[in-house]
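*Asks:* no sequence for this one, just the structure:
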């Protein structure tokens, strides 16, 4: 049995909140920030792509009109991506002397002192396989928990792809960061976004109710005005 849901065309508020929360998670004190990235990590772009994750139902523990809880086998191999802006410490970029002539091509000068270089990271080709527990409530939002590390593979590209040692270092460190992000931070992000969406939906409904009352009152005033004119 499979579980299908709508995917794509997320509202602008979703992307804005997700980027802000990802930025906060990547920079949190005591977090798992890659050691060779210095300064603040900023989530600049987020696209969840057009291909949704595949969810196969393993167990349904709660099923009511306003809430649902179940365990799923999840598989995601979609076309989503995220772009991060940060800075990298140049110490790891110092190459053996035989490779030093290639350094000017990436704008890095070999020096004894560390050099901080701006960098863009694009994370894509994400493959996730794992077991998740998913709870959905109209009142309390969405709770998502990974039972184990879901990361199978990911592609990490940066402005330093032409330097093999840096490319491997970034691949290794970003993978480690993502493994912690999925299990520690993503559940919090998903829950907060869902709660905010419930709040916005309530506010929209209340606004519509007030506008409806205002229209009705306006119609009544117009009818009274016409009655007074006729008399």
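*Replies:* Yep, that arrived. Please read all numbers here as calculations on a predicted model, not as lab measurements.

*Asks:* Now residue 130: which helix or strand?
*Replies:* Remark: residue 130 resides in strand 116-137, with elements defined by DSSP states H and E.

*Asks:* Give me the buried stretch members for whatever helix or strand comes next after that strand, please.
*Replies:* Following strand 116-137 in sequence order, the next helix or strand is strand 141-146 (DSSP H and E). Going by neighbour count (16 or more other C-beta atoms under 10 Å), the buried part of strand 141-146 is 141, 142, 143, 144, 146. From N, CA and C alone the C-beta is placed, and that goes for glycine too.

*Asks:* could you say what helices and strands strand 141-146 packs with?
*Replies:* Identification of packing neighbours for strand 141-146 by 3 or more C-beta pairs under 8 Å, 6 or more residues apart in numbering; DSSP states H and E yields strand 116-137, helix 186-230.

*Asks:* buried sites along the strand holding residue 130?
*Replies:* Residues of strand 116-137 classed as buried under the neighbour-count rule (16+ other C-beta under 10 Å) are 117, 119, 121-124, 126, 128-130, 132-137.

*Asks:* Same question for stretch 71-79.
*Replies:* Within stretch 71-79, judged by 16+ other C-beta under 10 Å, the buried ones are 71, 72, 74, 75, 76, 78.

*Asks:* Mind picking the two most distant members of the buried residues of strand 141-146?
*Replies:* Pairwise distances across the buried residues of strand 141-146 peak at 17.4 Å for 141 and 146 (criterion: C-beta to C-beta).

*Asks:* Which positions are bridged to residue 131 in the beta structure?
*Replies:* In this entry, residue 131 is beta-bridged to residue 73, by DSSP bridges.

*Asks:* Is it correct that it is in contact with residue 58?
*Replies:* Yes. Residue 131 is within contact range of residue 58, at 7.2 Å (criterion: C-beta atoms under 8 Å).

*Asks:* Give the residues shared as contacts by the two.
*Replies:* Counting by C-beta atoms under 8 Å, 6 or more residues apart in numbering, the shared contacts of residue 131 and residue 58 are 71, 72, 73.

*Asks:* wait, what's in contact with the second one?
*Replies:* The neighbourhood of residue 72, defined by C-beta under 8 Å, 6+ apart, consists of 3, 55, 56, 57, 58, 131, 132, 133, 134.

*Asks:* And the pLDDT at residue 110?
*Replies:* Per-residue confidence (pLDDT) for residue 110: 47.

*Asks:* and residue 151, how many neighbours does it have?
*Replies:* By other C-beta atoms under 10 Å, 19 other residues sit near residue 151.

*Asks:* which residues sit in contact with it?
*Replies:* The neighbours of residue 151, taking C-beta under 8 Å, 6+ apart as the test, are 126, 127, 128, 175, 178, 179, 182.

*Asks:* roughly how far apart are it and residue 179?
*Replies:* Note on residue 151: its distance to residue 179, by C-beta to C-beta, to the nearest Å, is 5 Å.

*Asks:* Next: residue 227.
*Replies:* Relative to residue 179, residue 227 is positioned 72 Å away (C-beta to C-beta).

*Asks:* Show me which of these two is the more surrounded one.
*Replies:* Per other C-beta under 10 Å, whichever of residue 227 and residue 179 has more neighbours is residue 179, with 16 against 9.

*Asks:* circling back: tabulate the helices and strands packed on strand 141-146 (CSV), appending distance to residue 45 and mean pLDDT.
*Replies:* Shown next, in CSV, are these (distance: least, C-beta to C-beta, whole Å; pLDDT from 0 to 100):
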stretch, distance to residue 45, mean pLDDT
strand 116-137, 8, 92
helix 186-230, 16, 86
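
*Asks:* Understood, closing this out.
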